[in-house]
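Undergrad: No letters, just coordinates:
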């Protein structure tokens, strides 16, 4: 488990089913990932199994013990010592610094607990808040990847951001 001033980041568990359903049933959360909102608890349960298998972390608000989002590694290249992270947060918690706190601590954890040298994230150009989060954490925008993915049947551009192990001193709060 990873702890910050206001948050705990811990592996998701079966008891988090209702929280996962609440989070991933929201269009504003699923759309940037090319997903459609989860429609019912049965589908949420199957999705939670996938998240647990992938060792996704719940972002837990310490004051209420509520899971308000998720963060995790969504792709790894062992050979190249590189990984990709992804994260989501319930909209009612946006703009309060929680995700910056979570990303900052998760990045530190990844560098300290593994031999990863490079962490990447891909962000939709319209997601200005997410761009600000990673920039505050020390990520560098490397460029625009044109039509990198398909979101709900349409090609979509993404910004590529990265942070390197050697940048650890640039991480907010270092």
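TA: Arrived safely, thanks for sending. In this text, all values refer to a predicted model and were calculated from it rather than measured experimentally. Numbering: from 1, shown residues only.

Undergrad: which residue is nearest the middle of the chain?
TA: Per C-alpha atoms, centre = their mean, the C-alpha nearest to the average position across the chain is that of residue 87, at 1.6 Å.

Undergrad: Could you pull out the buried residues of the worst-scoring helix or strand of the chain on mean pLDDT?
TA: Within the chain, judged by mean pLDDT, DSSP states H and E, the helix or strand with the poorest mean is helix 27-30; its value is a mean of 90. By neighbour count on 16 or more other C-beta atoms under 10 Å, the buried set for helix 27-30 is 29, 30. Glycine gets a C-beta too; all of them are placed from N, C-alpha and C.

Undergrad: again, but for stretch 151-161
TA: Buried-residue list, stretch 151-161, by 16+ other C-beta under 10 Å: 151, 156, 158, 159, 160, 161.

Undergrad: Distance to residue 56 added to those, as TSV?
TA: Output for the buried residues of stretch 151-161, formatted as TSV (distance: C-beta to C-beta, whole Å):
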residue	distance to residue 56
151	20
156	22
158	20
159	23
160	22
161	20
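
Undergrad: Next secondary structure after the longest helix along the chain?
TA: Secondary structure of the chain read by DSSP state H shows that its longest helix is helix 98-113. Going down the chain from helix 98-113, the next helix or strand is strand 118-123, by DSSP states H and E.

Undergrad: ok, then the element right after that next one?
TA: helix 128-137.

Undergrad: all strands for the protein, in order.
TA: Using DSSP state E, the strands of the chain run over residues 2-3, 7-11, 57-61, 66-77, 82-89, 118-123, 140-151, 154-164.

Undergrad: The second one - contacts with which helices or strands?
TA: Here strand 7-11 is seen to pack against strand 2-3, strand 57-61, helix 98-113 when contacts are counted using 3 or more C-beta pairs under 8 Å, 6 or more residues apart in numbering; DSSP states H and E.

Undergrad: Please tell me I have it right and residue 146 contacts residue 157.
TA: Yes - using C-beta atoms under 8 Å, residue 146 is in contact with residue 157, at 5.3 Å.

Undergrad: OK, contacts around the residue lying farthest from the centre of the chain?
TA: Outermost residue of the chain with respect to the C-alpha centroid, by C-alpha atoms, centre = their mean, is residue 42; its distance is 23.3 Å. By C-beta atoms under 8 Å, 6 or more residues apart in numbering, the contact set of residue 42 is empty.
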